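> Build me a model from this:
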Amino acid sequence: MANDQNSNENSASDTPGNASDSPETADTTSATQSRPPAAEVAGASTPSNPPPAADPLSAMTSERDKLKDQLLRTLADFDNYRKRSRRDEEAAKHRGREDVLRELLPVFDNLERAATYAKTSADAKAIGDGIGMVLKLFEDAVQRLGGQRLKSLGQPFDPNIHEAIQQVESAEHAAGIVAVELVPGYQLGERLLRPAMVAVSKGPASAEPAPTGDDDTKQN
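Residues are numbered from 1 along each chain as shown. Next up, the predicted model:
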């Protein structure tokens, strides 16, 4: 009887259908134990502290500050340019005045000599010749500076370059022609410095009719 019981126990232990000793069951249990939970897998792919979203107001403030800085720099550059241009303009004007005075100094020197000579000399011709030389020096100085004297005498009256002071009768000039140049006009290139003051001819004087015998009869 005891032998039969031992034989049955040995048979039960050797049965291949035992679930606890099956290799497949052991592998499944091991895989289940080694697989991490779904929550842990999801947490591994998602950062625990995501970066904060960009603040649109902060971005706009930064852009505003950048544009303001650029505007201030542009205004400063323009102010420097304006000051530099003003200095250059003043320097150019100063150089222009220097050139004019340098050209006119010899004229004044000769005028002074002529005035001194006129006080000690009674020779009117010599004084006139000296003044003529001074005028020639002045004319040359004006030409070197680019000035040009207008030709008015005998020219048709032009309101663009002439200023009519009066009208005169003239047998030499037809009506509308400059008969007398009172003050000469000058121009610099194409720009008028001053108009010429002139007297314009209105033609020859009209001849008075000669008296006739009828007029004498009427008077008697």
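> Show me what the host helix or strand of Tyr81 is packed against.
Taking DSSP states H and E as the definition, Tyr81 sits inside helix 56-120. Contact here means 3 or more Cβ pairs under 8 Å, 6 or more residues apart in numbering; DSSP states H and E; on that basis helix 56-120 packs against helix 124-144. (Each C-beta comes from the backbone N, C-alpha and C, glycine too.)
> average pLDDT across the helix it packs on?
For helix 124-144, the mean per-residue pLDDT is 85.
> angle of that helix against helix 56-120?
Between helix 124-144 and helix 56-120, the angle comes out at 160 degrees (axes from the mean of the first three to the mean of the last three Cα atoms, to 10 degrees).
> Just checking: what are the partner strands of the helix or strand just after helix 124-144?
Counting by DSSP H and E, the next helix or strand C-terminal to helix 124-144 is strand 147-149. In the sheet, strand 147-149 lines up against strand 186-188 (antiparallel) (DSSP bridges).
> which regions of the chain sit below the pLDDT cut-off?
The chain contains residues with pLDDT under 70 at 1-54, 207-220.
> Can you pull the domain assignment for it?
Structural domains assigned to the chain are 56-145, 148-206, following automatic domain parsing.
> which of those domains sits most buried?
Comparing these by mean neighbour count (mean count of other Cβ atoms under 10 Å), domain 148-206 ranks first with a mean of 15.
> How about the contacts made by Leu67?
With contact set as Cβ atoms under 8 Å, 6 or more residues apart in numbering, Leu67 has no partners.
> typed the wrong thing, it's Pro106
137, 141.
> how close does it sit to Asp140?
Distance, Pro106 to Asp140, using Cβ to Cβ, to the nearest Å: 9 Å.
> Likewise for Asp123?
Taking Cβ to Cβ, one finds Asp123 at 25 Å from Asp140.
> Repeat that for Gln167.
Separation of Gln167 from Asp140 (Cβ to Cβ) stands at 34 Å.
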